[in-house]
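K.L.:
Kindly return the folded structure for what I paste below:
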Amino acid sequence: IFRGAGANVSLNGSTMTGALSLGGGGGALSFTNGSIYNGDITAAGGAISMLVNNSTMNNSGDGTLNLTSMSVANAGKIGFVIDNARVTGGQPIFNVTGAATIAADTTFTPIFQEFTNRNFTLRVLNAGTLNLGGPVAPMLNAQSPYLFEVGLTQPAGTNALDLSFRVKGVNELGFNTRQA
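P.N.:
Residues are numbered from 1 along each chain as shown. Sure, this is the predicted structure:
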């Protein structure tokens, strides 16, 4: 737990599992040099920047992480939880008021904690400015069951990334009338 101004967390070639509560002050999250972070990240406000460089950051928090800037580079990996509460909540997972710079070799990994039988679109990232180093679709690492089709897109005219989730139909699954 970090409170007040200057809540800086820096992992450099390290592994950390546990919750990070940054309180209401400003600060920075930095995951570099092969670091791995797994846990809930929460912040009550303040100016927080995030860097994921050649590292993995799996945020299992269920709220929106508000950031002033976000940079993902050198095969950085971003994991985030998908559950029914997040799907029905309609809030972005990452809300960046400034620039979000995402390298072409970035990997976004949805961590499905619950599955649904309905289609949905979820805003993964909303940014003031979105700088993409390459096409978005290959940035998705969605190891979902065969029953589902999952995609990552940038809606036209937005500085955002959306995760789409669709339940495949009977014909797509190759079922006959008895199997359906």
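
K.L.:
hey, let's count contacts and neighbours off CA atoms from now on
P.N.:
Will do.

K.L.:
I'd guess residue 86 is in a helix, am I close?
P.N.:
Yes: with DSSP: H, G, I helix; E, B strand; the rest coil as the criterion, residue 86 is part of a helix.

K.L.:
check contacts around it.
P.N.:
By CA atoms under 8 Å, 6 or more residues apart in numbering, the residues touching residue 86 are 62-63.

K.L.:
If the spatially most central residue of the chain is in a bridge, with which residues?
P.N.:
When CA atoms, centre = their mean is applied to the chain, the residue found nearest the centroid is residue 80 (4.4 Å). Beta-bridge partners recorded for residue 80 (DSSP bridges): residue 59, residue 110.

K.L.:
and the longest strand seen in the chain, which strands flank it?
P.N.:
When the chain is parsed with DSSP state E, its longest strand is strand 120-132. As defined by DSSP bridges, the strand partners of strand 120-132 come to strand 94-102 (parallel), strand 160-167 (antiparallel).

K.L.:
which of these sits most buried?
P.N.:
Neighbour counts (mean count of other CA atoms under 10 Å) averaged over each of the strands paired with strand 120-132 peak at strand 94-102, with a mean of 21.

K.L.:
Fine by me, thanks again.
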